[in-house]
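>>> No letters, just coordinates:
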Ligand SMILES: [Zn+2]
């Protein structure tokens, strides 16, 4: 898996496109949570569930299906919205959360270690990796991580994830500024 920092950054970046009648900071935390939540399945190791089992690490909790279910449940939380949200706001919040949640398995499928990701569970037990896996896999657990070559892990995540996220953020800010300027000129 990439580190929790990288999954969290993806969630935060996705939340930038928060719909108008959502509470931006609440949505930001919700997106961050759903982006990191799939790795809670490491508890499967403690429960004696094998890695390759559908309920094992990188299995069901990392699937697209689980991401959509989690996003649907989270999008029902009223605190994510300002009063009187419309269907567009609700759909927008769902889209942000679903993208953040599903991004986790997709990112893991770009890593170069561990077992593949059960992206299509519960419909197919096959474990997937993308054809290119440029991201250096991170060790599971803080102890193992600190005793691994974490510099090269973070460097690989910075290059393949953090920089593209920074690029997206800058583009998004530029578009917002341009739209604001255009709006104030046409008033
Ligand atoms: Zn993961």
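Good, I have the coordinates. Nothing here was measured: the structure is a model prediction, and the numbers come from that model.
>>> quick one: is stretch 122-138 near the ion?
No. Using CB under 5 Å from the ion, stretch 122-138 never reaches the ion; the gap is at least 9.2 Å. (Glycine included, C-beta is placed from N, CA and C.)
>>> tell me how far the ends of that stretch are from each other?
End-to-end distance for stretch 122-138: 26 Å, by CA to CA, to the nearest Å.
>>> Read off the pLDDT value for residue 186.
Per-residue pLDDT puts residue 186 at 63.
>>> ok, now residue 43?
Predicted confidence (pLDDT) for residue 43: 93.
>>> contacts for the helix or strand containing it?
Here residue 43 sits within helix 43-46, counting by DSSP states H and E. Helix 43-46 is contacted from outside by 51, 53, 55-57, 59, 140, using CB atoms under 8 Å, 6 or more residues apart in numbering.
>>> Now do the helix ranked longest in the chain: which elements does it pack against?
Scanning the chain for the longest helix, with DSSP state H as the assignment, gives helix 163-186. Counting contacts by 3 or more CB pairs under 8 Å, 6 or more residues apart in numbering; DSSP states H and E, helix 163-186 is packed against helix 4-14.
>>> tell me the mean pLDDT for the following helix or strand past the helix it packs on?
Once helix 4-14 ends, the next helix or strand along the chain (criterion: DSSP H and E) is helix 24-36. For helix 24-36, the mean pLDDT works out to 96.
>>> Any buried residues in helix 24-36, and which?
26-28, 30-36 (16 or more other CB atoms under 10 Å).
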